[in-house]
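Novice: Provided below are the primary sequence and the corresponding predicted coordinates.
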Amino acid sequence: MQALLVFLAIAALSLLASSRILLDPSRLPGVAQLAASGLTFLVFGILLGPGLVGVLSPVDLQGLLPVVSLGLGTAGVILGLNLEPRLLRRLPRPVFFAALAHSGVAFLFVAVPLSGAMLVTTRLPFAAVVGGAALLGAAASLSSGHFAVMGYRSGRMERSRGLAVALLTMLDDGVGLMVLALALVLGAGASVAEGVGLVALALLLGVMCGALIAFLTYALKDVAELTAVMLGGVALVGGAAAYLRVSALLAGVACGATLALVGGRAVEQVARALGRFERPTYLMMVFLAGCFVQARDVDAWVLLPGYVALRFLGKVWGGSLAQRFAANTLDLPSQLGFALIAQGGLALCLVVQYLLLVPGPLSQHIFDVVALGAVVNEVLASRAFRQVLDPHRRAREGTA
Amino acid sequence: MKGAIIRLGLLVMLLAGISRVQEWRVDTGNSVMLAAGALLLCGLFAGKVAKGVGLPRLTGYLLVGVVVGPYALGFIPGEGVKGLELVKGLAVSLIALVAGTELHLGLIRRVGTKVALLCTAVCGVTFAVCFGALFALRPLLPFLASMTVPQALATSALVSTVVVSFSPTVTIAIVQETSARGPFTEFLMALVIIGDLFVMVAFALAAGVTRASFGGGFDLKGLLGGVGWELFGSVGVGALLAVAMLIYMRRVNRELPLFLVALCFAAAEGGARLHLSPLLVSLSAGALIANLDERESQRIHHAIQMAGLPVFALFFAAAGAGLKLSTLVTVGPAALLLVALRALAIHQSCRRFAPVEDPRLRRYLWMGLISQAGVTFGLAALISRTFPSFGPQVEVLIVAMITTHELVGPVLTRRALERSGEARGDERPQTA
């Protein structure tokens, strides 16, 4: 029954999310923004999940875990495919420094003060609190470039500028993934050695699956066959990771990166094939992530303003630092930090993965803060991004 | 083909590796998605290998499912295969929706009466032969041996209705694979679909009689109400589904594949819970759309056709993984005898009663009617649940028959389409 409910909810939501009224920014700007980014699915997941209305029970969610592992695997493979080695080698060093600056500053701004606050408010061991705060910092370090992409596509922003922002937001994924790997090393096994083994197993599984998918797709020319192999490959890597109880996200990233490295000409086709499932899988993933939120978690609501505010400050300061690093290399907007407020889906993936592999009150707490924060950040981001639009276009937009 | 064998070998090696690691990681997680991915990939390349040796791809999907499944090499856990039941329901629903979009009123007017008459003859003869054989085998079949004569007669009738059933899913899949088009193909598809409707009605009646013979009382009103609800209720819900799809496509028209998948899933799951036939629900939805709006019907057809390859590969590989080969050992002789008698009855009744104007129907139609799959599985499981005293033994016998039919049926169906001259070969690799 649970799967039926989810699919019905998804069907209803896809109807709703595609509504012209909902997508019209002139009528309901905040909601339109959430609908465009798919975060309406997160909100509805929160509402229907066991934490609030309870249409879906915890048992139902347990039954839907395979779909979550598919979502995490897909997200990982897409991320990994973006790690194009030839492109990364060509990028000048200042670009990496700039990405590290905006993500690193946001990480420190969130992780350090919140670990202090959590130490005072919770009675958990020091190491656990620091690990949890680090994961909050990792989620905060991530930015989404979808506003920049929409900006240059709609002509409201210079193309080079939009691409530069999008590039910086893509590069910050590494910080989040590294912190997740570290958190899993510390928390997923009975000992640190076992944790290292589990993370290594996830990466090895991903590399093997990536190499195999590259070989499977090597001689395929038919689009439907390519799509089927890609779909099966993603299900295999995510499913095998879930079966062995290692990170589907990290395995997916390793799989995608291996594919990008050894896949040759097939990679582009593979990425295109995967692209067809990206949106539905993302929406499903976001909806299910919402179902995991415990909306009655008072501590999470208390931490939320601090998390959002510290992240905002971290991004603004980190953005100006990044601008200094990459001013001669990239065409960046003057108030770069305001373009980095949107958080995107990877932050949700990180905390979902942590919640599944290291279940407990702390991980639930972190998950709730990040999920609720993602919605707030998205609404904030739509306003903040106007600050970085080209002045004359902004003026034109204002008069219009 | 060499490349496909190497790729299949590598996939199996990876699965073997994962199952070895699982021994180290005692506390394993959910295996449903692993089963889905592994069966889809293995099915895909096994289908290529099967095609290379002149067999239907579908046979390759089934065989590889058997090999890597829990009852042979055991690389895919049983729970994983069980968890794919949801995918099976979805696949049947999608396949039926596509098949429905090909049921135009013109076709029904052209062949409807002839198909219904032939179906009555084929089902009647096959039922009579299987019923007689089962009753004659009574002393050898443990579940019948201990029953009184009226009970044995009723039970034989019940089992025979299930034994008669065909497989629209296999037929539609092979038609898609071979891109077959023409009067023979239309006749075959219509026959298997109508045949399954006959079986549903007969099964409900036989179950009522069997229940009465075991002292449960004969509730004719309830029986007819149940059958009527299953048939007309399914068509009614299918009509609602068609209206919902048309409204969505005309008004919203975004995320169509996601919407279609969700709706088909709801049809399969909801239909099963409301005691409707998921096959009939989707079939009638597809048929209604095809006759109301040809353009939208083509769009649905195209959207699902693109997803046909993964759906078919996964569905049939999972079906193969669920086949219990051990049942062939325990009830093998009786099952094989029934398989042979059923085939003979279908063959003879097609030879005798098929329309004379098309000689191909008399010669080759029987080959397309041998397959058995989802509907038969479902009815066998229903007997097992409804009659716990003898049902599980009946289920074992029927599953043994299905195993045999699954392995030979697709080959025969493909041969029937090829010999009829309507198969166009594997020119559309995106389908099964």
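Specialist: Cool, the structure landed.

Novice: Work out for me the element the closest residue to B:Gly124 other than its chain neighbours sits within.
Specialist: Nearest residue to B:Gly124, sequence neighbours excluded (CB to CB, 6 or more residues apart in numbering or on different chains): B:Ser349, at 7.8 Å. Placement of C-beta: from N, CA and C, glycine included. Using DSSP states H and E, B:Ser349 sits within helix B:326-353.

Novice: for that helix, packing partners?
Specialist: Judged by 3 or more CB pairs under 8 Å, 6 or more residues apart in numbering or on different chains; DSSP states H and E, helix B:326-353 is in contact with helix B:105-136, helix B:149-164, helix B:359-364, helix B:391-419.

Novice: Nearest to B:Ile300, out of the ones you listed?
Specialist: Smallest distance to B:Ile300 across the helices and strands packed on helix B:326-353 (CB to CB): 17.5 Å, for helix B:105-136.

Novice: Show the contacting residues for the residue nearest to B:Gly124.
Specialist: B:Ala121, B:Val122, B:Gly124, B:Val125, B:Thr126 (CB atoms under 8 Å, 6 or more residues apart in numbering or on different chains).

Novice: Using PDB, write out every CA atom in stretch B:274-286.
Specialist: Only the C-alpha atoms of stretch B:274-286 are listed here, as PDB (Å, rounded to 0.1, in the frame of the first residue of the first chain):
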ATOM      1  CA  LEU B 274     -10.400  -3.700  -5.100                       C
ATOM      2  CA  HIS B 275     -10.500  -7.200  -6.600                       C
ATOM      3  CA  LEU B 276     -10.400  -5.900 -10.100                       C
ATOM      4  CA  SER B 277      -8.300  -7.200 -12.900                       C
ATOM      5  CA  PRO B 278      -5.300  -4.900 -13.400                       C
ATOM      6  CA  LEU B 279      -4.900  -6.200 -16.900                       C
ATOM      7  CA  LEU B 280      -8.400  -5.400 -17.800                       C
ATOM      8  CA  VAL B 281      -8.300  -2.000 -16.100                       C
ATOM      9  CA  SER B 282      -5.300  -0.900 -18.200                       C
ATOM     10  CA  LEU B 283      -6.400  -2.600 -21.300                       C
ATOM     11  CA  SER B 284      -9.800  -0.900 -21.300                       C
ATOM     12  CA  ALA B 285      -8.100   2.500 -20.500                       C
ATOM     13  CA  GLY B 286      -5.800   2.100 -23.500                       C
END
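
Novice: in it, what's buried?
Specialist: B:Leu276, B:Ser277, B:Pro278, B:Leu279, B:Leu280, B:Val281, B:Ser282, B:Leu283, B:Ser284, B:Ala285, B:Gly286 (16 or more other CB atoms under 10 Å in any protein chain shown).

Novice: Say whether chain A is contacted by that stretch.
Specialist: No: contact of stretch B:274-286 with chain A (CB under 8 Å from any CB of the partner chain) is absent, the minimum separation being 11.4 Å.

Novice: Tell me how far that stretch lies from the chain's centre.
Specialist: Its chain's C-alpha centre and that of stretch B:274-286 lie 14 Å apart, by CA atoms, centre = their mean, to the nearest Å.

Novice: pLDDT weak spots in chain A?
Specialist: Counting by pLDDT under 70, the ranges of chain A that qualify are A:1-32, A:36, A:390-400.

Novice: A:Ala322 is in what secondary structure piece?
Specialist: helix A:298-326.

Novice: Tell me the helix or strand right after that helix.
Specialist: helix A:345-357.

Novice: now the strands: where do they sit in the stretch 151-300 of chain A?
Specialist: In the stretch 151-300 of chain A, no strands are defined using DSSP state E, counting those that start in this stretch.

Novice: Show me which residues of it are close to chain B?
Specialist: A:201, A:205, A:208-209, A:212, A:215-216, A:219, A:222-225, A:227-229, A:231-240, A:242-245, A:279-280, A:283.

Novice: Generate a PyMOL selection restricted to the buried subset of these.
Specialist: Those of these that count as buried under 16+ other CB under 10 Å are selected in PyMOL with:
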select buried, chain A and resi 201+205+208+209+212+215+216+224+225+227+228+229+231+232+233+234+235+236+237+238+239+240+242+243+244+245+280+283
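
Novice: hmm, back to that, kindly reformat the helices and strands packed on helix B:326-353 as TSV containing mean pLDDT and mean neighbour count.
Specialist: Output for these, formatted as TSV (pLDDT from 0 to 100; neighbours: other CB atoms under 10 Å in any protein chain shown):
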stretch	mean pLDDT	mean neighbour count
helix B:105-136	89	18
helix B:149-164	90	23
helix B:359-364	90	17
helix B:391-419	86	22
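
Novice: coming back round to it: show me which parts of the helix holding A:Ala322 are buried, residue by residue.
Specialist: A:299-300, A:303-304, A:307-308, A:310-312, A:314-323, A:325-326.

Novice: rewinding a little: tell me which of the helices and strands packed on helix B:326-353 lies nearest to A:Val352.
Specialist: helix B:391-419 (38.9 Å).

Novice: helices or strands up against that closest one?
Specialist: With contacts defined as 3+ CB pairs under 8 Å, 6+ apart, helix B:391-419 has these neighbours: helix B:57-68, helix B:142-145, helix B:149-164, helix B:168-178, helix B:183-213, helix B:326-353, helix B:359-364, helix B:374-386.

Novice: Need those helices in JSON lines (columns: distance to B:Gly80).
Specialist: JSON lines is the format used below for the helices and strands packed on helix B:391-419 (distance: least, CB to CB, whole Å):
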{"stretch": "helix B:57-68", "distance to B:Gly80": "11"}
{"stretch": "helix B:142-145", "distance to B:Gly80": "31"}
{"stretch": "helix B:149-164", "distance to B:Gly80": "27"}
{"stretch": "helix B:168-178", "distance to B:Gly80": "21"}
{"stretch": "helix B:183-213", "distance to B:Gly80": "29"}
{"stretch": "helix B:326-353", "distance to B:Gly80": "19"}
{"stretch": "helix B:359-364", "distance to B:Gly80": "38"}
{"stretch": "helix B:374-386", "distance to B:Gly80": "18"}
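
Novice: which of those has the lowest average pLDDT?
Specialist: Lowest mean pLDDT within those: helix B:374-386, at a mean of 78.

Novice: quick one: that one to helix B:183-213, angle?
Specialist: With axes from the mean of the first three to the mean of the last three CA atoms, to 10 degrees as the basis, helix B:374-386 and helix B:183-213 are set at 0 degrees to each other.

Novice: what's in contact with helix B:374-386?
Specialist: B:88, B:92, B:158-159, B:161-162, B:165-169, B:196, B:199, B:203, B:207, B:211, B:279, B:319, B:391-392, B:394-395, B:398-399, B:401-402, B:405.

Novice: Quick check: B:Trp229 vs chain A, distance?
Specialist: B:Trp229 sits 20 Å away from chain A, going by CB to the nearest CB, to the nearest Å.

Novice: Secondary structure element holding the nearest residue to that residue once chain neighbours are set aside?
Specialist: Spatially, and ignoring its direct neighbours in sequence, B:Trp229 is nearest to B:His275 (6.6 Å; CB to CB, 6+ apart). Following DSSP H and E, there is no helix or strand that holds B:His275.

Novice: isn't B:His275 right up against B:Gly226?
Specialist: Yes: in this structure B:His275 lies within contact range of B:Gly226 using CB atoms under 8 Å: 7.2 Å.

Novice: returning to what we had before: what helices and strands are in contact with the helix holding A:Ala322?
Specialist: Going by 3+ CB pairs under 8 Å, 6+ apart, helix A:298-326 lies up against helix A:93-121, helix A:126-141, helix A:159-171, helix A:361-384.

Novice: Who are the contact partners of the nearest residue to B:Leu369 once chain neighbours are set aside?
Specialist: The shortest distance from B:Leu369 to any non-neighbouring residue, by CB to CB, 6+ apart, is to B:Ile346 (5.0 Å). B:Ile346 is in contact with B:Val122, B:Val125, B:Thr126, B:Trp366, B:Leu369, B:Ile370, counting by CB under 8 Å, 6+ apart.

Novice: closest to A:Met170 among those residues?
Specialist: B:Ile370 (55.4 Å).

Novice: Please name the residues that touch that closest one.
Specialist: Taking CB under 8 Å, 6+ apart as the test, what B:Ile370 contacts is B:Arg342, B:Ala343, B:Ile346, B:His405, B:Val408, B:Gly409, B:Leu412, B:Thr413.
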